[in-house]
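# have a look; sequence and predicted model below, questions after that.
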Amino acid sequence: MAPATPADLLHAATEAVCSGPDTSDGAGGVVARVVRDGEVLLDAAWGLADRRHGLPMTPGHRFATASGCKGFTAVAVLSLVADGTLTLGTTARSLLGADLPLVPDDVTVEHLLSHRSGIGEYLDDDADLAEYLMPVPVHRLVSPEDYLPLLDGHPAVFPAGERFAYSNAGFVLLSLLAQRASGVPFHRLVQERVLDPAGTTSTGYPRSDALPGDAAVGYVRVDGRWLTNVHHLPVVGGGDGGAYTTTHDMERFWEALLGGRVVPDDVVAAMRAPRSTDDDDDYSYGLGVWLPGGDAVQLVGEDAGVSFLSRHDPATATTWTIAGTTAAAAWPVVRAVRAALA
């Protein structure tokens, strides 16, 4: 089969948007970019970035990543491993002290990075995203330390290292450990250790109640009405999700990370070594990244008002990033682009 052309990809993606559950009326925003060996095959946007003001989505808009930014957390933590501040065997307890007494003493940084810690979860990943799930006021969730009441009181569900179980709590805990070990606030740590070395220019953790003008707004359907997701998620993204980025910045991130310009090559190799297989989709998981097959690496996120996927495949030198302003908007386009690139 001949490689997909720009016309193929644009046609497939546009058809997917026009038939999508949250985009067929043009209101749900989607942005997509595909680059193969330096050639831009797709750089397009559909729908609205802001429903209230009728602002169209553009390829340059920033968008939320939900759990996609667990990769940023992982790289920040691994940069501390690279410089000796932490090791993969560092226990959470060694930095927690008396905090979170239900976290078992043998849970390590490596367990947390690979979703094999077994610690109790603070957030139900299978719950209806239209519900208001945060048990504390979202405007109080700014620093990793603010999550201690949410993480407390949840017993471990299996012994550390026994198996894979995707854990938001694990990555919030990683952000707390990184902040305590380094003495640097978590968001600044990610900026200095990950985003700046990667050369990103529009990626970070803005407050959801003070978004920059080029940031797309996420939406949730509540009681039949589309409302913004500002009351559904922490006001500032944290270790388990919530950063904003652009398709161009994700391209820069993958290029810099896999080129050894963010953390050393041996650390990147450790990230990409499979630790587990998720029984739900047969993808392997390394340290902070999904491994969808071959040498490809992937970050993915879905939350109230957010759908996001970014993948780099070294075998074809292809990077593609797709994001949407609802929990479902991106996925028809993801399927269409994946099929076109197959």
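Right, received. Where do you want to start? Numbering: from 1, shown residues only.
# what sits against residue 114?
164, 275, 276, 285, 286, 287 (C-beta atoms under 8 Å, 6 or more residues apart in numbering). For the C-beta atoms, the positions are set from N, CA and C on the backbone; glycine is no exception.
# for the stretch 51-200 of the chain, what spans make up the helices?
Counting by DSSP state H, counting those that start in this stretch, one finds helices in the stretch 51-200 of the chain at the ranges 70-82, 93-96, 109-113, 148-151, 168-182, 186-190, 196-198.
# export those helices to TSV and tack on mean pLDDT?
TSV is the format used below for the helices of the stretch 51-200 of the chain (pLDDT from 0 to 100):
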stretch	mean pLDDT
helix 70-82	98
helix 93-96	98
helix 109-113	98
helix 148-151	96
helix 168-182	98
helix 186-190	98
helix 196-198	98
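# most neighbours, which of the contacts of residue 114?
Of all the contacts of residue 114, the highest neighbour tally under other C-beta atoms under 10 Å goes to residue 287, namely 25 neighbours.
# tell me the SS of that one?
coil (DSSP: H, G, I helix; E, B strand; the rest coil).
# pLDDT score assigned to it?
According to the prediction, residue 287 has pLDDT 98.
# go ahead and confirm it touches residue 276.
No. Between residue 287 and residue 276 there is no contact under C-beta atoms under 8 Å: 10.5 Å.
# let me have the helices of the stretch 51-200 of the chain in TSV, extended by mean neighbour count and distance to residue 318.
Converted to TSV, the helices of the stretch 51-200 of the chain look like this (neighbours: other C-beta atoms under 10 Å; distance: least, C-beta to C-beta, whole Å):
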stretch	mean neighbour count	distance to residue 318
helix 70-82	26	18
helix 93-96	17	39
helix 109-113	26	26
helix 148-151	17	38
helix 168-182	24	27
helix 186-190	22	26
helix 196-198	17	19
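# out of those, which comes closest to residue 142?
Closest approach to residue 142 among those is made by helix 186-190 (8.8 Å; C-beta to C-beta).
# which secondary structure element of the protein has the lowest mean pLDDT?
strand 276-277 (a mean of 84; mean pLDDT, DSSP states H and E).
# so what's the residue positioned nearest the centre of the chain up against?
Centroid-nearest residue in the chain: residue 68, 1.1 Å away (criterion: C-alpha atoms, centre = their mean). Applying C-beta under 8 Å, 6+ apart to residue 68 gives the contacts 241, 243, 245, 299, 300, 301, 308, 309, 310.
# burial of the second one, as a residue count?
Read it as residue 243. 27.
# and stretch 128-136, how far apart are its ends?
18 Å (C-alpha to C-alpha, to the nearest Å).
# run through who's touching that stretch.
Residues contacting stretch 128-136 (C-beta under 8 Å, 6+ apart): 122-124, 127, 141, 149-150, 220-222, 231-234, 302-304, 327.
# give me the residues contacting stretch 328-339.
9, 12-13, 15-17, 19-23, 28-30, 32, 34, 42, 47, 307-309, 320, 322-324.
# pull out the buried positions in that stretch.
328, 329, 330, 331, 332, 333, 334, 336, 337 (16 or more other C-beta atoms under 10 Å).
# ok, stretch 159-168 next?
160, 165, 167, 168.
# likewise stretch 87-102?
88, 90, 91, 92, 93, 95, 96, 100.
# how about stretch 200-214?
200, 202, 203, 204, 205, 206, 208, 211.
# which among those residues gets closest to residue 64?
Distances from residue 64 to the buried residues of stretch 200-214, taken by C-beta to C-beta, are shortest for residue 208, at 8.4 Å.
# please verify my assumption that the closest one contacts residue 232.
No. Counting by C-beta under 8 Å, residue 208 does not reach residue 232; the two are 9.2 Å apart.
# with adjacent residues omitted, what lies nearest to residue 304?
Distances taken as C-beta to C-beta, 6 or more residues apart in numbering place residue 232 nearest to residue 304, at 3.8 Å, with adjacent residues excluded.
# number of residues surrounding the one you found?
Count around residue 232 with other C-beta under 10 Å applied: 22.
# could you do residue 53 as well?
Count around residue 53 with other C-beta under 10 Å applied: 8.
# ok, now how distant is it from residue 213?
10 Å (C-beta to C-beta, to the nearest Å).
# now residue 217: how far from residue 57?
Applying C-beta to C-beta to residue 217 and residue 57 gives a distance of 10 Å.
# list residues touching both of the two?
Here residue 217 and residue 57 share the contacting residues 49, 325, scored by C-beta under 8 Å, 6+ apart.
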